[in-house]
Every structure is written in C-alpha cells, then in structure tokens.
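Visitor: coords please:
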Amino acid sequence: AAGDELQPGAAAGAAIYTSDGSPEITNNSFYGNVVGANIALGGAIYNSGSGTRILNNTIVRNTAQGIPWPAQPYSSRGSGGGIYSWTDAVIRNNIVVSNTASAEFMGNGGGIFYLNAYGTPNADYNDVWGNVGGDYWGADPGPHDIWADPMLADPAGGDFYLLAGSPCIDAADPANYPAT
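Guide: Below you'll find the model as predicted:
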C-alpha cells in the first residue's frame, strides 16, 4: 500500500484498519501513507483486533499527523506513524523506519505505538529505527529488536531490498522466518 492519504477527516489506519477478528498482515510494503485528523492514529496500520499478527512487513515513511481543531487548541494528537495497536498483537520480523507521529499538542510513537488497553503486545525481532516522535511508545522493545539503519536499496524510489551488510539479514525470528 503506497501513498494513500486519508486527510483531513480520516482518523486511523491510512493503509489498513483492523477492528474485528484475528487478521494476519504479512509480507507487505507500506510507504508514504498519511492519516490526518484531530486525533490521527496509525499512519500505515491501525489495529484494535485481538489476536492480530503483523509479520514480515516493511513500513517506511508513513505519517500520523494530528491536525488541531480551531475550537480546541492543543487538542491534536498523532500517534503510531508506522503501527498503532491497542491489543495483544504479535508484531514480528518487521522493518519500521522513518515514520512520523506529530501534532501541535502531542506526537508520539513514530514507529510503533501501543495503548495496552486489551492485552500486552508481543513484539520482537523488528528493526525499529529513525522514527520521528520516537521508535516506541507504550511498551518496551522486544529482546531481539534492533535499532539500526536497515540499509534499504532505494527507499525513496520504493526499492526496499536489503543491501549487503544490512543488520536485518539473518536477524528474523528463527521460528517464524519469512519464506524466500
């Protein structure tokens, strides 16, 4: 999903919005998506579905942009530029890089934002790096997560192949390794 814009009225999930069931979001590239609203949640992915699995995705340059309402100054929030989740989601083997969560009042969790309202997320083996508004908000990174430039071939041109020497090569969960 590339370049989807949901502004100024849409509030969540410019590329994917989940709220029911146990969806699996696997092997996708999300880049250049924008959600903008007074309270903007999930520039690429918004998840409130229990049991959701977010696996083996590349999530680059997405934005959750909080837009203030004139009648309510300092009311805008932008959270989860890459992923916004408030359930027990499994988030593994993803590259979450250069996403933005911003707002006049509060912008946080540029990479991954967890609300922890309904369970604890299970995140590990991700590369979460260089996100505006912070890489994580609401939970600690997994013990095998890395924070390094993934060395993508040409992200501005939509080429997300890993270059030789990338810290992401052979860094995925061995029990859930992506198929080649």
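Visitor: okay, Ser79: pLDDT?
Guide: Ser79 is assigned a predicted lDDT (pLDDT) of 85.
Visitor: distance of it from Ala101?
Guide: Counting by CB to CB, to the nearest Å, the gap from Ser79 to Ala101 is 5 Å. Backbone N, C-alpha and C define where each C-beta goes, glycine included.
Visitor: what's the overlap in contacts for these two?
Guide: Both Ser79 and Ala101 are contacted by Ala64, Gly107, Asn108, Gly109, Phe113, Gly133, Trp137, under the criterion CB atoms under 8 Å, 6 or more residues apart in numbering.
Visitor: Retrieve the pLDDT associated with the fourth one.
Guide: Per-residue confidence for Gly109 comes out at a pLDDT of 87.
Visitor: Please work out how many residues are found near the residue lying closest to it once chain neighbours are set aside.
Guide: Distances taken as CB to CB, 6 or more residues apart in numbering put Trp137 closest to Gly109, at 3.3 Å, once the chain neighbours are dropped. The number of residues packed near Trp137 is 20, by other CB atoms under 10 Å.
Visitor: wait, Trp137 sits on Arg77?
Guide: No: between Trp137 and Arg77 there is no contact under CB atoms under 8 Å: 11.4 Å.
Visitor: Identify the single longest strand in the chain, thanks.
Guide: Ranked by residue count, the top strand of the chain under DSSP state E comes out as strand 112-118.
Visitor: Report the buried residues of that strand.
Guide: Ile112, Phe113, Tyr114, Leu115 (16 or more other CB atoms under 10 Å).
Visitor: Same question for stretch 89-106.
Guide: 89-103, 106.
Visitor: The helix or strand hosting Ser85 vs strand 112-118, what angle?
Guide: Element membership of Ser85 [criterion: DSSP states H and E] is strand 83-87. Interaxial angle, strand 83-87 versus strand 112-118 (axes from the mean of the first three to the mean of the last three CA atoms, to 10 degrees): 10 degrees.
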